[in-house]
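*Asks:* Below are the sequence and a predicted model; questions follow.
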Amino acid sequence: MTFLKKLFITKTITIMTKFRPLIIILSAFALSSLNSCDNDDEGNTLSPSLLETQTINELIVKNGSLSSLEAALGVASGDLPGTLSGSEAYTVFAPNNEAFSALASLAGFESSDDMLAEISPELLAKILSYHVVAGESDIADDNQLY
């Protein structure tokens, strides 16, 4: 094997090893979003009166199926919980506990808690920020979210 070929292989392995956790986590989030596309949310909607009187963060905390998201918000750097506690309108594409469990499993962790303990708070904040959009969107109003 030539020196350049050996050097290229060594550098490629080093780079892939360095970015492996990021690649696994981003791939797993993408795959888990596909897993969450079935229509098993019936009966898991919030009444309009709740939406008007509580912040998004309060709704996340009170919803048992979003406890992993609540934990992730606590681990992530920045103040996303503070932002979601304000009065401004946001749309949150909230991954439920099943999505976090599926992601953890795909990434090779035993649980979502183990995954959250290993992930960089800065990376987690970036990933979670992709799930928050400024403004209000309502699928019931025939908004197209794509």
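*Replies:* Perfect, thanks for sending it. This is a predicted model, so every value here is computed, not measured.

*Asks:* Once you drop chain neighbours, what's closest to L116?
*Replies:* Counting by C-beta to C-beta, 6 or more residues apart in numbering, V75 is the residue found nearest to L116 once chain neighbours are left out, at 5.0 Å. C-beta: built from backbone N, CA, C; applies to glycine.

*Asks:* okay, now the one you found: neighbour count?
*Replies:* When neighbours are defined as other C-beta atoms under 10 Å, V75 has 16 of them.

*Asks:* can you tell me how far it sits from I119?
*Replies:* Applying C-beta to C-beta, to the nearest Å, the value for V75 to I119 is 7 Å.

*Asks:* Confidence-wise, which helix or strand of the chain is lowest on average?
*Replies:* Among the helical and strand segments of the chain, the one scoring lowest on mean pLDDT, DSSP states H and E is helix 48-53, with a mean of 59.

*Asks:* Any buried residues in the next helix or strand after that one, and which?
*Replies:* Toward the C-terminal end, the helix or strand that comes next after helix 48-53 (DSSP states H and E) is helix 56-62. By 16 or more other C-beta atoms under 10 Å, the buried positions in helix 56-62 come out as 56-57, 59-61.

*Asks:* now do stretch 124-142
*Replies:* By neighbour count, and taking 16+ other C-beta under 10 Å as the criterion, the buried residues in stretch 124-142 are 124-125, 127-128, 131.

*Asks:* Show me which of the residues you listed is closest to L103.
*Replies:* Taking C-beta to C-beta as the measure, I127 is the one of those closest to L103, at 9.9 Å.

*Asks:* now the closest one, what's its secondary structure?
*Replies:* Following DSSP: H, G, I helix; E, B strand; the rest coil, the label given to I127 is helix.

*Asks:* What distance do you get for it to S111?
*Replies:* I127 sits 18 Å away from S111, going by C-beta to C-beta.

*Asks:* ok, back up a step: redo the buried residues of stretch 124-142 as a markdown table? Include pLDDT.
*Replies:* Supplementary listing: those in a markdown table, determined by pLDDT from 0 to 100:
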| residue | pLDDT |
| --- | --- |
| L124 | 93 |
| A125 | 93 |
| I127 | 92 |
| L128 | 94 |
| H131 | 92 |
